[in-house]
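> curious how this folds, go ahead:
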Amino acid sequence: MTKKATQPAPGAQLRINVHHVTRVEGHGNIVVDVRDGSLERCELEIIETPRFFEAMLRGRPYTQASHITSRICGICACGHATASLRASERALNVRLSEQTVLLRKLIMHGEILDSHILHVYMLVAPDFLGVGSVIPLATSHPEVVTRALRMKKFAGDLCAAFAGRHTHPIAMAVGGFTHFPSRAEVEALRARAEALLPDVDATVELFATLPWPQFERETEFVALVHPDEYGFIDGQIGSTERAPLPVDEYRSVTNERLEAHSTAKHTAHRRDSYMVGALARYNLKFEHLHPRAQAAAAHLGLSAPCFKPYYNSVAQVVEIVHCFDDVIRLLDTLLERGITPEDPAPVTLQPGARGVGAVDVPRGILFHEYQIGGSGLIQEANCVIPTGQNLGNIDRDLRALVPTLLQEPEETITHRLEMLVRAYDPCISCSTHFLNVEFVGK
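Coordinates of the predicted model:
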C-alpha cells in the first residue's frame with residue numbers, strides 16, 4: 001500500500017521558480033507555489049518550440065524515414081530508427097528474417113546499456129557520492145568513472161558493429177541490413193562482454209549501498225510486454241491496470257492532450273497519468289529477467305510492484321545486468337548459426353497502408369505510425385515520445401513530494417526536486433546540475 005499524500009504545513013509559504021530544466025530536445029521550468037499552507041501550483045512547464053518531425057516526414061520516401069527520425073534523439077537514435085523501420089515494415093507487409101530480428105535485439109540492448117550507464121553513473125551517482133557532477137567524480141572516485149566508461153564504450157561499439165554507427169545508424173534498412181560484421185568482430189564483442197561481467201557486478205554492489213529516497217505514489221505503469229521474454233521491440237502494450245492491447249491501438253492508451261503550461265503533449269490512460277521506462281518494464285515483466293538480474297533486483301531492494309519513482313534508476317541497474325547477460329546469449333546464438341549476408345526482405349506497396357512501430361527505448365515505450373501511399377511516399381506520420389508520456393506523472397509526483405519537504409532546508413528541497421526529475425531520465429543535457437532553483441519570497 002502507498003502512503004497517503006502529506007498536506008503542506010499550515011501557514012507554510014514557498015515559491016520556487018526553476019529556469020531551466022535543460023534537455024537534449026528543449027527547455028522547461030519547474031514552478032512551485034505554496035501559500036498559507038495550500039499548494040496552489042506545482043508543475044513542470046515545457047516551453048520549447050515543437051520540432052515538427054512528423055511534418056518533415058510527409059512527402060518523403062519511406063526509405064528515408066528511419067534516417068530522419070533517428071535525429072529526434074542522439075541518445076535513442078537506434079531506438080527511433082527501429083520504431084520507424086517497424087512502422088514502415090508493418091505498413092509494407094515485410095516479413096523479417098530471424099537474423100534481422102536477432103541483430104536488432106542486439107542493437108537495442110546496446111542502446112539500453114549505453115543510455116542506462118550514462119544515466120546512473122554520470123547523472124545519478126554524483127547525487128550520492130558528494131560531488132556536483134561527473135567531472136569531480138573522476139577525481140574523487142576514479143574507479144567508478146573508469147568502470148562506467150569501459151562499459152559504455154562496449155555498448156557503443158556493440159551498436160556500431162551491427163548498425164554501422166551508434167548515433168544515427170546507417171546500416172539499418174526497411175526489411176533488414178546493408179552491412180554485416182565479420183565473425184571475428186562478433187567473437188571479439190563476445191569476449192569483451194564476458195570480461196565486463198565483474199564491472200556489472202561491481203555496479204550492482206555500488207548502487208546497493210546508496211540511500212535511495214523512499215517517496216512513493218501509486219500510479220499506472222505502461223510498457224511493451226511479450227509472452228516469453230523481457231523484450232524491447234514489438235509485442236503488446238501492457239499496463240498494470242488492464243489486459244494487454246495490440247500496438248495498433250496505442251492511441252487509446254496515450255490519449256494525448258494539450259496542457260496550458262506545456263508545449264509538449266501529456267498522456268493519460270486508466271488514471272490521470274502513467275509512467276513509462278525501466279521501472280514500468282520491471283513492474284510488468286520482472287519474471288522474464290535473466291536469473292542474475294533477478295538476483296540483482298533482490299540485492300538492490302527492488303520488488304514488484306514498486307511505486308517509488310526514484311527507483312527507476314535502480315530498475316535501470318537491473319536492466320544493465322539483464323542486457324549484458326542477454327547480449328552474451330544472443331552473440332552465442334549468432335556465432336552458432338553463423339552470420340549470413342542477406343538482402344533486405346521485399347516490400348508490398350498498397351495505397352494508404354498504415355503501420356505502427358513500437359519500441360521500449362531506455363526512457364520508455366515509443367510509438368511511430370506512418371501512412372504510406374502507393375508511390376512509397378509517407379502521407380501521414382505520428383510519433384509519441386516516452387518523455388512526453390512521463391510529463392503528467394512527473395507533475396503529479398512533484399505535487400505529492402513538495403508537501404513532504406516543507407520543513408526541510410531550501411538546499412534539501414532543491415536537491416530532492418532535482419533527483420525526482422532526474423529519476424525519470426528525461427532527455428536532458430548531460431549535466432548533473434540541470435535544475436537551477438531560485439527560492440523567491442519564502
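> list the residues that contact the spatially most central residue of the chain.
Residue closest to the mean C-alpha point of the chain, counted by C-alpha atoms, centre = their mean, is R363 at 1.1 Å. Applying C-beta atoms under 8 Å, 6 or more residues apart in numbering, one finds that R363 lies in contact with C76, S115, V276, G277, P386, T387, N390, Y424, D425, P426, C427. (C-beta placed from N, C-alpha, C; glycine too.)
> quick one: pLDDT of the fourth one?
Note on G277: pLDDT of 97.
> ok so, going back, looking at the contacts of R363, which are in helices?
Applying DSSP state H to those, the entries found in helices are S115, P386, T387, N390.
> of those, just the buried ones, PyMOL syntax please.
In PyMOL, this line selects whichever of the ones in helices among the contacts of R363 come out buried by 16 or more other C-beta atoms under 10 Å:
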select buried, resi 115+386+387+390
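> of the ones in helices among the contacts of R363, the lowest pLDDT goes to which?
On pLDDT alone, T387 ranks lowest of those, at 88.
> find the nearest non-adjacent residue to that one, please.
Nearest non-adjacent residue to T387, counting by C-beta to C-beta, 6 or more residues apart in numbering: P426, 4.7 Å away.
> as TSV, the ones in helices among the contacts of R363 with distance to I72 would be great.
As requested, the ones in helices among the contacts of R363 are exported to TSV (distance: C-beta to C-beta, whole Å):
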residue	distance to I72
S115	14
P386	11
T387	11
N390	16
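> closest one of the ones in helices among the contacts of R363 to S97?
Ranked by distance to S97 (C-beta to C-beta), the ones in helices among the contacts of R363 are led by S115 at 27.1 Å.
> quick one: residues contacting the residue lying closest to that closest one once chain neighbours are set aside.
Spatial nearest neighbour of S115, excluding adjacent residues (C-beta to C-beta, 6+ apart): P362 at 3.7 Å. Neighbouring residues of P362 by C-beta under 8 Å, 6+ apart: I75, C76, G79, E111, I112, S115, H116, H119, G277, A278, Q316, D425.
> nearest to Y370, of those residues?
Y370 has its nearest neighbour among these in G79, at 16.3 Å by C-beta to C-beta.
> quick check: next helix or strand after the host helix or strand of K153?
Per DSSP states H and E, K153 falls inside helix 142-163. As assigned by DSSP H and E, the chain's next helix or strand after helix 142-163 is strand 172-173.
> which outside residues touch that following strand?
Identification of contacts with strand 172-173 by C-beta under 8 Å, 6+ apart yields T63, S66, C78, A81, T82, L85, R104, I107, A163, G164, P344.
> what subset of those is buried?
S66, C78, A81, T82, L85, R104, I107, A163, G164, P344.
> touching, the third one and I72? I think so.
No: A81 is beyond contact range of I72, at 9.6 Å (criterion: C-beta atoms under 8 Å).
> remind me which residues of the stretch 201-350 of the chain are low pLDDT?
260-263 (pLDDT under 70).
> show me where it has helices.
Secondary structure of the stretch 201-350 of the chain by DSSP state H, counting those that start in this stretch: the helices cover 250-254, 278-285, 291-299, 312-337.
> in TSV, list the ones you listed along with mean neighbour count and distance to M151.
Shown next, in TSV, are the helices of the stretch 201-350 of the chain (neighbours: other C-beta atoms under 10 Å; distance: least, C-beta to C-beta, whole Å):
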stretch	mean neighbour count	distance to M151
helix 250-254	18	32
helix 278-285	26	16
helix 291-299	18	15
helix 312-337	22	8
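> how about those helices, which one is nearest L224?
Across the helices of the stretch 201-350 of the chain, L224 has its closest neighbour in helix 278-285 (7.8 Å, C-beta to C-beta).
> and that closest one with helix 312-337, angle?
70 degrees (axes from the mean of the first three to the mean of the last three C-alpha atoms, to 10 degrees).
> about what we covered before: from the contacts of P362, pick the one nearest V174.
Of all the contacts of P362, V174 sits closest to G79, with 16.4 Å by C-beta to C-beta.
> check contacts around D425.
S115, H119, L123, G277, A278, N312, S313, Q316, P362, R363.
> count the neighbours of I68 for me.
Using other C-beta atoms under 10 Å, I68 has 18 neighbouring residues.
> that one and S140, how far apart?
42 Å (C-beta to C-beta, to the nearest Å).
> repeat for G164
From G164 to S140 the distance is 37 Å (C-beta to C-beta).
> of all the helices of the stretch 201-350 of the chain, which one comes closest to S133?
helix 312-337 (16.4 Å).
> hang on, R337 packs against S97?
No: with contact defined as C-beta under 8 Å, R337 does not reach S97; the gap is 11.1 Å.
> picking up where we left off before, and the helices of the stretch 201-350 of the chain as CSV, adding distance to A243?
Converted to CSV, these look like this (distance: least, C-beta to C-beta, whole Å):
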stretch, distance to A243
helix 250-254, 12
helix 278-285, 12
helix 291-299, 25
helix 312-337, 23
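> what's the burial count for G376?
Other residues close to G376 by other C-beta under 10 Å number 14.
> ok, R95 next?
R95: 10 surrounding residues under other C-beta under 10 Å.
> my guess is it is in a strand, correct?
No: assigned with DSSP: H, G, I helix; E, B strand; the rest coil, R95 falls outside any strand and is coil.
> what's the closest of the helices of the stretch 201-350 of the chain to E89?
Closest of the helices of the stretch 201-350 of the chain to E89 is helix 250-254, at 16.4 Å (criterion: C-beta to C-beta).
> for H179, which residues are in contact?
Residues in contact with H179, defined by C-beta under 8 Å, 6+ apart, are G164, I170, A171.
> and those, which is closest to E380?
Checking these against E380 by C-beta to C-beta gives I170 as the nearest, at 25.8 Å.
> what pLDDT does the closest one get?
94.
> before we move on, what about the one 10 residues further on?
At F180, the model reports a pLDDT of 97.
> was I right about it contacting P341?
Yes: with contact defined as C-beta under 8 Å, F180 counts as touching P341 (5.0 Å).
> those two: which is more packed in?
Neighbour totals were compared for F180 and P341, and F180 leads with 18 against 10 (other C-beta under 10 Å).
> which helix or strand contains that one?
Per DSSP H and E, there is no helix or strand for F180.
> and for Q379?
Using DSSP H and E, the element containing Q379 is strand 378-384.
> for that strand, name the packing helices and strands.
helix 53-57, helix 62-69, strand 364-372 (3 or more C-beta pairs under 8 Å, 6 or more residues apart in numbering; DSSP states H and E).
> packed most tightly, which of the ones you listed would that be?
The highest average neighbour count among the helices and strands packed on strand 378-384, using mean count of other C-beta atoms under 10 Å, belongs to strand 364-372 at a mean of 26.
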